[in-house]
Structure formats: structure tokens, C-alpha cells
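Enquirer: Here is a sequence together with a model predicted from it:
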Amino acid sequence: MPATDDPAVSVCFVVTIDDIELGSFNSCQGLGAEVVLEQREEGGNNHHVWQLPTRLKYPNVKLSRPLTRDTEKVARWFASMTTGFSRKTAHIEARTGDGQPVARWGLLEVVPVRWTGPVLSAEQPKVAVETIEIAHHGFVMEG
């Protein structure tokens, strides 16, 4: 079986925000959607409670990686929020070790929520890792 047919082989996630490529990330958490349900009790009906779907809810997406030169791109993107911003479309592409795409997700109207820098300590030498968290308003169909 070719490596690109195996969905478990993705080792990096390349992120682009419109025309800004933020680079590769090792970890991507939070891709998903949830249907919010409203519960209604019907008088005289003691068998069940009605579960009515109301809207979709999307969790924030968290991306982590060791510090690289691309960290500057993330810092510039966050800094641009202080002078006003327009919501952009993000693309997250899962790739194999040799750079072959496995899957791609488009996120509508992304907004940066949080950047967390590395914990630096001489007592516990570890890889310096950064994490960005972005909010979005749903998925765009890739085609």
C-alpha cells in the first residue's frame, strides 16, 4: 500500500492564512464540530425529552511546534491584530514525512486567540515549543 493511502502517516501540518504561510506544525488539536441540542419536555409525555438540533459549534484549533524562523510570521500575524483586522480563511494540510498531502481542511473567518511561547529553563532542558490557538466559524468545502 502506498504511504499516501495510509491516513495515519501524517507527521506535520502546514498552515496558511490566506496568503501568509505560517509554516509546519507537529501537532493539531481541535478540528471538529458539534451540534448544539436544545432539550424540550412535552407535557404528558414521560417517555423521553425532545432533543432538537439548533446550531453548529466549532472548538478552537491549537497548533504546536518547536520554535523555528517561521515563529516571526506568527508574531507578525498576531501583531497585525492591534491595527484592525479582517477575518481570513485558513488552510491546514496534513502531510507525510516526504511532503505528500494526506488531507486538507479550510477554516472560515479565522481569528488568532492565543500564542503561547516556550518555557525556558536551564534546569530542565527541553525543546522550545510554541502553540497558537485560532477560532473559526466553520469549514469551507475544499474542491
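Expert: Arrived safely. Residues are numbered from 1 along each chain as shown.

Enquirer: wait, what's in contact with the residue nearest the centre of the chain?
Expert: For the chain, Val61 is the residue whose C-alpha lies nearest the centre (Cα atoms, centre = their mean; 2.9 Å). Neighbour list for Val61: 28-31, 92, 107, 133-134, 136 [criterion: Cβ atoms under 8 Å, 6 or more residues apart in numbering]. In short, each C-beta sits where N, CA and C put it, glycine included.

Enquirer: Longest strand of the protein, counting residues only.
Expert: strand 101-116 (DSSP state E).

Enquirer: Dump the C-alpha coordinates for that one into CSV.
Expert: Below are the C-alpha coordinates for strand 101-116, written out as CSV (Å, rounded to 0.1, in the frame of the first residue of the first chain):
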residue,chain,number,x,y,z
PRO,A,101,-0.6,15.8,1.2
VAL,A,102,-2.9,13.4,3.1
ALA,A,103,-5.8,15.7,4.0
ARG,A,104,-6.7,19.3,3.9
TRP,A,105,-9.2,21.5,5.9
GLY,A,106,-10.3,25.0,5.2
LEU,A,107,-11.4,27.1,8.2
LEU,A,108,-13.7,30.2,7.7
GLU,A,109,-13.1,33.6,9.2
VAL,A,110,-10.2,32.7,11.5
VAL,A,111,-9.2,34.9,14.4
PRO,A,112,-6.0,34.3,16.4
VAL,A,113,-6.9,33.8,20.1
ARG,A,114,-3.7,32.9,21.9
TRP,A,115,0.0,32.4,21.3
THR,A,116,2.0,30.6,24.0
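
Enquirer: The residue nearest to the centre of the chain bridge partners, please.
Expert: With DSSP bridges as the criterion, Val61 is bridged to Ile134.

Enquirer: what about it, distance to Thr71?
Expert: To Thr71, Val61 is 18 Å away according to Cβ to Cβ, to the nearest Å.

Enquirer: how many neighbours does Val74 have?
Expert: For Val74, the neighbour count with other Cβ atoms under 10 Å is 22.

Enquirer: ok, now which ones touch it?
Expert: Applying Cβ under 8 Å, 6+ apart, we find Val74 in contact with 22, 115, 130, 132.
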